[in-house]
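[1] Structure here, sequence nowhere to be found:
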Ligand code: ATP
């Protein structure tokens, strides 16, 4: 079972790092292409047995830090479907669009603002179709179709990203469609008054929720980075008018620290300020992550939004959304944080993905923190002989009431260790022939591969201590 020392080395094969991560995700049950047996559905992904555990651990950490550890935040889980007027009030029906052009040769659609960004041109949501097209055609020689490589496009047209449904509509006309949510935060604005009336918070206070969002992205790409269906973790903090600045800076600091506590390294994170703010915004920053292969791109948006959202909903619904503080009535200003869970998931995987050389062979490890690891302990009988499998299964059954465990008896012990390394399991417990005599098992630590002999009657204590270290 001895495994010699290691030297860091990136994998030998020709796949780039992100391709290797994607391949591991499928091979080890983290993420699958949505509707794969039908050829797949672009922009939709399914989280497999390991993926759902990792995703839930990330969500739990977000919820714990954002809601449970705070005394001024309230949790929420709003319905995804909302009254059609919500999206009128929010501006999504009129303005939630991206500029799309089509390759005249092969009909591939491109998102023009992102293509311009790639060549160092800023094209933001404030620009009109005409302005975007001016910039697009001026730089056309530098933009190639990602599929056929030609440079022959239709002019850019704004394409609305909201996805329609026929919710409650039994006609064929669908004149007033109920949209799938383009962003999760609208559910918070809609419930601001309910939370105020039921929980009687003092201002300032926050509301947080994790909910799905759907966008008809022109070119879903980069795995979980840009999907058509994804989940967002949002918080909205309500403050008195003009009391935004200090709290905004505090929230920015907290969110940065949250990523460090999650295990992302500071060198892979950076701030990006929005140059061109929409008219109601006071400030807007993104935290970017340095994804392997893709490079730095937006992970989370932190926005100082003034009273725009509640004013709009007040206007469109006719319902008074003032906050009444001892007779002083005002519409609160909002500080928002919004992040796609898939983008965090991908950052966590990228950070954890490590390839080492051991005894001349590659060892791939997901070096998750113990808190995030999908499986905490694996139970492995040294051989498939019943005298070893039976007591190992008994031990596994006992321990799985306490920790998230796996039992594995297939193939050699070395292969089983490698499989556990690839899903990031911090501890492997091996029951061998000696265990029958000495009542002890071997516990192997993932990162150092150090092996400790531990008495079975002390195993639970040993693992409990190790897992909270
Ligand atoms: P982008 O410029 O990348 O399209 P955005 O600025 O439109 O993003 P927001 O509307 O601010 O994004 O959404 C908040 C967060 O939701 C983003 O920071 C990102 O983490 C996540 N997100 C947005 N669009 C997608 C998507 N298509 N797939 C996965 N996550 C997304």
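    Thanks, I have it. Everything quoted here is computed from the prediction, not taken from an experiment. Numbering: from 1, shown residues only.
[2] What is the burial count for residue 152?
    13 (other C-beta atoms under 10 Å). Just so you know, the C-beta spots here come from the backbone N, C-alpha and C atoms, and that holds for glycine as well.
[3] Correct me if wrong: it contacts residue 104.
    Yes - in this structure, residue 152 is within contact of residue 104 by C-beta atoms under 8 Å, at 4.5 Å.
[4] To what extent is the residue in the chain positioned nearest to the ligand buried, counted in neighbours?
    As assessed by C-beta to the nearest ligand atom, the ligand sits closest to residue 340 within the chain, at 2.8 Å. Residues near residue 340, counting by other C-beta under 10 Å, number 22.
[5] Ok, residue 240 next?
    The burial count for residue 240: 15, using other C-beta under 10 Å.
[6] swap in residue 253?
    Taking other C-beta under 10 Å as the criterion, the count of residues near residue 253 is 10.
[7] Please tell me how far it sits from residue 434.
    For residue 253, the distance to residue 434 (C-beta to C-beta, to the nearest Å) stands at 53 Å.
[8] Spell out which residues of the chain are next to the ligand.
    Proximity of the chain to the ligand, by C-beta under 6 Å from any ligand atom, involves residues 183, 215, 217, 226-227, 230, 232, 298-301, 338-340, 342-343.
[9] could you redo the last one with a cut-off of 5 Å?
    Counting by C-beta under 5 Å from any ligand atom, the chain comes close to the ligand at 217, 226-227, 230, 298, 301, 338-340, 343.
[10] what about stretch 406-415, start to end distance?
    15 Å (C-alpha to C-alpha, to the nearest Å).
[11] change the start of the numbering to 37 and stick with it
    Done: numbering now begins at 37, and the last item shifts to stretch 442-451.
[12] Give me the contact list for stretch 59-77.
    For stretch 59-77, the external contacting residues (C-beta atoms under 8 Å, 6 or more residues apart in numbering) are 51, 58, 79-87, 90, 259-260, 265, 385, 389, 400, 402, 455, 458-459.
[13] I figured residue 407 hits residue 94, correct?
    No - the pair residue 407 / residue 94 is not scored as a contact, 9.7 Å apart, by C-beta under 8 Å.
[14] And these two? Which one has more around it.
    residue 94 (20 against 16).
[15] Look up phi and psi at the more buried one.
    Here is the backbone geometry of residue 94 (degrees, to the nearest 10): phi -70, psi -40.
[16] Which pLDDT does the model give it?
    pLDDT, residue 94: 98.
[17] How about the contacts made by the closest residue to it other than its chain neighbours?
    Closest residue to residue 94 apart from its sequence neighbours, by C-beta to C-beta, 6 or more residues apart in numbering: residue 380 at 5.6 Å. By C-beta under 8 Å, 6+ apart, the contact list for residue 380 reads 94, 98, 269, 298, 335.
[18] try residue 78
    With contact taken as C-beta under 8 Å, 6+ apart, residue 78 is in contact with 256, 264.
[19] So it: helix, strand or coil?
    coil (DSSP: H, G, I helix; E, B strand; the rest coil).
[20] before we move on, what about residue 488?
    Taking three-state DSSP, the label given to residue 488 is strand.
[21] ok, it to residue 425 distance?
    Distance from residue 488 to residue 425, by C-beta to C-beta: 22 Å.
[22] Okay, helices next: where are they in this protein?
    Per DSSP state H, the chain carries helices over the ranges 53-63, 85-99, 120-125, 128-131, 148-154, 165-174, 222-235, 281-298, 344-353, 377-388, 422-435, 449-459, 469-474, 495-504.
[23] Packing partners of the second one?
    This points to helix 85-99. Here helix 85-99 touches strand 241-250, helix 281-298, helix 377-388, going by 3 or more C-beta pairs under 8 Å, 6 or more residues apart in numbering; DSSP states H and E.
[24] got the ones you listed as CSV, with distance to residue 145 and mean pLDDT columns?
    Output for those, formatted as CSV (distance: least, C-beta to C-beta, whole Å; pLDDT from 0 to 100):
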stretch, distance to residue 145, mean pLDDT
strand 241-250, 18, 98
helix 281-298, 33, 98
helix 377-388, 22, 98
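[25] Tell me the buried residues within the contacts of stretch 59-77.
    Using 16 or more other C-beta atoms under 10 Å as the burial test, the contacts of stretch 59-77 include 58, 79, 81, 83-84, 86-87, 90, 259-260, 265, 385, 389, 400, 402, 455, 458-459 as buried.
[26] Check residue 99 and give its pLDDT.
    For residue 99, pLDDT reads 98.
[27] show me the contacts for it.
    Contacts of residue 99 by C-beta under 8 Å, 6+ apart are 111, 244, 246.
[28] Same list (those residues) but as CSV, adding distance to residue 351 and neighbour count.
    Converted to CSV, these look like this (distance: C-beta to C-beta, whole Å; neighbours: other C-beta atoms under 10 Å):
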residue, distance to residue 351, neighbour count
111, 28, 15
244, 25, 21
246, 28, 19
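[29] For residue 364, state which of the residues you listed is nearest.
    Nearest to residue 364 among these, counting by C-beta to C-beta, is residue 244 at 25.9 Å.
[30] Look up how far residue 213 lies from the residue nearest the centre of the chain.
    Nearest to the mean C-alpha position of the chain, counting by C-alpha atoms, centre = their mean, stands residue 377 at 2.0 Å. Distance of residue 377 to residue 213, given as C-beta to C-beta: 26 Å.
[31] repeat for residue 175
    Distance from residue 175 to residue 213, counting by C-beta to C-beta: 36 Å.
[32] ok, now residue 376?
    For residue 376, the distance to residue 213 - C-beta to C-beta - is 24 Å.
[33] With residue 379 instead?
    28 Å.
[34] ok, now residue 87?
    Counting by C-beta to C-beta, the gap from residue 87 to residue 213 is 32 Å.
[35] What of residue 291?
    Residue 291 sits 34 Å away from residue 213, going by C-beta to C-beta.
[36] do the same with residue 146
    Distance, residue 146 to residue 213, using C-beta to C-beta: 27 Å.
[37] Between those two, which is the more surrounded one?
    A side-by-side neighbour count of residue 146 and residue 213, using other C-beta under 10 Å, places residue 146 first with 22 against 17.
[38] hang on, the more buried one packs against residue 195?
    No - look at residue 146 against residue 195 with C-beta under 8 Å: they stay out of range, at 11.2 Å.
[39] any common contacting residues for those two?
    Shared contacts of residue 146 and residue 195 (C-beta under 8 Å, 6+ apart): 136, 254.
[40] so who does residue 356 touch?
    Residue 356 makes contact with residue 350, according to C-beta under 8 Å, 6+ apart.
[41] can you check the one 5 residues further on too?
    Contacts for residue 361 were tallied using C-beta under 8 Å, 6+ apart; they are 239, 276.
[42] one step back: test my guess that the residue of the chain closest to the ligand contacts residue 266.
    Yes - counting by C-beta under 8 Å, residue 376 touches residue 266, with 5.0 Å between them.
[43] anything in contact with each of those two?
    With C-beta under 8 Å, 6+ apart as the test, residue 376 and residue 266 both reach residue 249.
[44] hang on, the earlier thing: which one, of the helices of the chain, ends up nearest to residue 327?
    Evaluated over these, closeness to residue 327 peaks at helix 377-388, with 5.8 Å, by C-beta to C-beta.
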